[in-house]
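[1] Pasted the sequence and its predicted model underneath.
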Amino acid sequence: QVQLEESGGGMVQDGDSLSLSCVASDRTFSDFTMGWFRQAPGEEREFVASITWNGANTYYADSVKGRFTISRDNAKNTVYLEMNKLKPEDTANYYCAASRRSGTAWEGEYHAWGQGTQVTVSS
């Protein structure tokens, strides 16, 4: 099973930007839809964004639309999440995940998950 590792989290101020990366362990990466999810303390994990295997289609949660951008580089087995205009409510542990279902936002359809990277946005 593909292994995923996120990086790029950190502590930033309200309105700042941050970029997350997720590297996959093997080239099956290019077969999968990739998604980003997040989980805040005491909350359920929620969908953030997803991108189809070839990058042709992207999907976003309403809460991040217009501020976050998901992209991928299949040659590098990497998916990115560019986060702009960050808000304190974006504070969460961010996870990348892989799915065989095209563009899905449902976490039950993701079969591989990273360990997460923490993003903290202070006001």
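    Arrived safely, thanks for sending.
[2] Spatially central residue for this structure, please.
    Residue closest to the average C-alpha location in the chain (C-alpha atoms, centre = their mean): Trp36, at 2.3 Å.
[3] give me every residue that touches it.
    Contact partners of Trp36, counting by C-beta atoms under 8 Å, 6 or more residues apart in numbering, are Leu20, Cys22, Val48, Ala49, Ser50, Ile70, Val79, Leu81, Tyr94, Tyr95, Cys96, Ala97. Where you see a C-beta, it was placed from the backbone N, CA and C, and this is true even at glycine.
[4] what about the nearest residue to it once chain neighbours are set aside, how many neighbours?
    In space, Trp36 comes closest to Val48 once its chain neighbours are excluded; the distance is 4.3 Å by C-beta to C-beta, 6 or more residues apart in numbering. Val48 has 25 neighbouring residues, counting by other C-beta atoms under 10 Å.
[5] same thing with the one 10 residues further on?
    Neighbour count for Thr58, taken as other C-beta under 10 Å: 15.
[6] cool, Phe37 as well?
    Counted with other C-beta under 10 Å, Phe37 comes out at 24.
[7] secondary structure element for Phe37?
    When elements are defined using DSSP states H and E, Phe37 is found to belong to strand 33-39.
[8] quick one: average confidence on that strand?
    Average pLDDT, strand 33-39: 98.
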